[in-house]
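1. Sequence plus the predicted model coming up.
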Amino acid sequence: MKPSELYVWQCPSCGRHVPQRVADCRCGFHHKGFDAARPTRSGFLLAAGLIAGVVLAVFAYRWMEPAPGGEPDKARPAAVQSGDPLIPDSPDELNQASRAEAASGEPVESPSAGLSVFEAPSAPLALEDVVAQSLPAVVLIQAGQSRGTGFFIKPNLVITNAHVVQGHSSVQLQAGGARYTARVASVSSGTDLAALEVYEVNTRQATLPLGSVKNVRAGQEVVAIGSPFGVLSNTVTRGIVSAIRETGGVTLLQTDAAINPGNSGGPLVDRHGLVIGVNSMRVAERGGQGLAFAVAIDHVPQLLSGRASGPAATPLQGLNQIMGSPATTGDLRDQGTGAYRTAVEAAARTGSELDTYWDRYAGACVSSSTRTGDRRWFAVYDPNGVRLTAASSYNCEQWLQTLRSNADGIRRGLLLAAEAARRQGVYPGVMRDVRRQHRMQWTGWD
């Protein structure tokens, strides 16, 4: 074949040379052999479709290739593929995420419990982990001569037993190396609970998440944390929930974890690190061992909302009635008298400081006052009991305001202590004698 024949063909009709890509000559001759050698448009489309089908089949096979576990890995968006730091890939990572959520303080509202409770992780924490995360939130409480335990549920809020702070308007707290002053914001003798509002709040103060008695089962393991005898702070005892009991409208958790004097007000914590009770009392009558009780944490929201007036009897009185102890009344009365005496002694010490404050400025600020009790400053309890001088070099209005504020704190504390003493059967005459001994008798107490 000549080189020219690679590019043209000669028309047998007119002899013209026609380009190979053209099938028809100008004279009208049609080259049939040219049609047989050239692929049609439909052939091209068929070939392209076959090629595309092969490519798609190979791609699908590689995408659905079985994972190492033998199961096909379903198509997922790239953002949630294995290795994404935001998505847990194993049950262990999921449990760690749940514990982090509980530690971060993100509550899950539980309408049935009426509490802001926290979802527990799927598996219990190690005992040492429960203790390690709980201890920083537990505090030693100094209320006059009495000592007890409490725990932070918010950086500015501590929960304890009512009998720990009964008769006091302010207390001292110690949490690790930190020290706080707190006022007694709310007390419920019926549930034996009290809330303390902390001054000078530390926003980094550790707190404990709350659980619910609705999730508690007899036999489950718990930890009691407190300060036995008021000196051995951060003491941990382990036990189980022996039973859940109801007495006078108060839910109690019976436990064999040791609760000694000074542990009162501390948290009873489950193995998920949630507070399920407030350690309250130990019953040792009739030679009983391991009879300790905690007030269910479900009563705390009632306390904070002002709805925890509670029953007429305290939880201890209710338990004594259940156990049928014939010597209950006398023992309770003695305990009540001792607690009231402690409250009056503390009030008298503060009262002596107010005596000095009165004597220092009354001569320059007071033109007249009403004598209503053992101490001159008791006159501030009468709205018109103190008349100030018309002119003075001192800021007498500020002096009187400070005096009234401190005196009101003493009055609130003694009224609360008197109410608790009456519930424990202490006679009014006994309370008057105690006040008289400490120069705290005022006509308004009765």
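-> That came through, no problem.
2. Which helix or strand lies directly C-terminal to the longest strand along the chain?
-> Counting by DSSP state E, the longest strand found in the chain is strand 235-247. Moving toward the C-terminus from strand 235-247, the next helix or strand (DSSP states H and E) is strand 250-255.
3. if you average pLDDT over that next one, what comes out?
-> Taken as a whole, strand 250-255 has a mean pLDDT of 90.
4. From the contact counts, what lies against the helix or strand that comes right after it?
-> Per DSSP H and E, strand 250-255 leads on to strand 267-270 as the next helix or strand towards the C-terminus. Secondary-structure packing of strand 267-270 (3 or more CB pairs under 8 Å, 6 or more residues apart in numbering; DSSP states H and E): helix 127-134, strand 221-226, strand 275-282. For every residue, glycine as well, the C-beta is placed using N, CA and C.
5. Average pLDDT for strand 267-270, rounded please.
-> For strand 267-270, the mean pLDDT works out to 94.
6. Please identify the pairing partners of it and their relative orientation?
-> Strand 267-270 has the following strand partners under DSSP bridges: strand 221-226 (antiparallel), strand 275-282 (antiparallel).
7. Buried deepest among those, which one?
-> strand 275-282 (a mean of 26; mean count of other CB atoms under 10 Å).
8. one step back: with distance to Gly167 and mean pLDDT as extra columns, can I get the strands paired with strand 267-270 in CSV?
-> Formatted as CSV, the strands paired with strand 267-270 follow (distance: least, CB to CB, whole Å; pLDDT from 0 to 100):
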stretch, distance to Gly167, mean pLDDT
strand 221-226, 21, 90
strand 275-282, 18, 87
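9. Adding distance to Ala123, write those out as a markdown table.
-> Formatted as a markdown table, the strands paired with strand 267-270 follow (distance: least, CB to CB, whole Å):
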| stretch | distance to Ala123 |
| --- | --- |
| strand 221-226 | 13 |
| strand 275-282 | 17 |
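10. Show me the one of the ones you listed that comes nearest Gln166.
-> Comparison of those against Gln166 by CB to CB identifies strand 275-282 as nearest, at 13.0 Å.
11. Which SSE is immediately downstream of that closest one?
-> Taking DSSP H and E, what comes next after strand 275-282 is strand 292-296.
12. Do me a favour and average the pLDDT over that following strand.
-> Rounded mean pLDDT across strand 292-296 is 90.
13. what stretches of the stretch 101-250 of the chain score poorly on pLDDT?
-> Counting by pLDDT under 70, the stretch 101-250 of the chain shows low-confidence ranges at 101-122, 228-233.
14. quick one, helices of it?
-> Counting by DSSP state H, counting those that start in this stretch, one finds helices in the stretch 101-250 of the chain at the ranges 127-134, 162-165.
15. residues of the first one that come out buried?
-> Applying a neighbour-count criterion of 16 or more other CB atoms under 10 Å, one finds 130-131, 133-134 buried in helix 127-134.
16. helices or strands up against that helix?
-> Short answer (3+ CB pairs under 8 Å, 6+ apart): helix 127-134 packs on strand 221-226, strand 267-270.
17. Quick one: closest of those strands to Asn202.
-> Asn202 lies closest, by CB to CB, to one member of the helices and strands packed on helix 127-134: strand 267-270, at 18.9 Å.
18. With only the CA atoms kept, save the closest one in CSV.
-> In CSV, the C-alpha atoms belonging to strand 267-270 read as follows (Å, rounded to 0.1, in the frame of the first residue of the first chain):
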residue,chain,number,x,y,z
PRO,A,267,-22.8,11.9,102.5
LEU,A,268,-23.8,8.3,101.9
VAL,A,269,-22.4,7.6,98.4
ASP,A,270,-23.1,4.7,96.0
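19. where does the residue nearest to Cys27 when sequence neighbours are not counted fall, helix, sheet strand or coil?
-> Distances taken as CB to CB, 6 or more residues apart in numbering place Cys14 nearest to Cys27, at 4.2 Å, with adjacent residues excluded. Under DSSP: H, G, I helix; E, B strand; the rest coil, the three-state class of Cys14 is coil.
20. Cys14: how many residues sit nearby?
-> 12 (other CB atoms under 10 Å).
21. for the stretch 301-446 of the chain, what spans make up the strands?
-> 366-369, 386-388 (DSSP state E, counting those that start in this stretch).
22. looking at the ones you listed, which is buried most?
-> Most buried among the strands of the stretch 301-446 of the chain, counting by mean count of other CB under 10 Å: strand 386-388, with a mean of 18.
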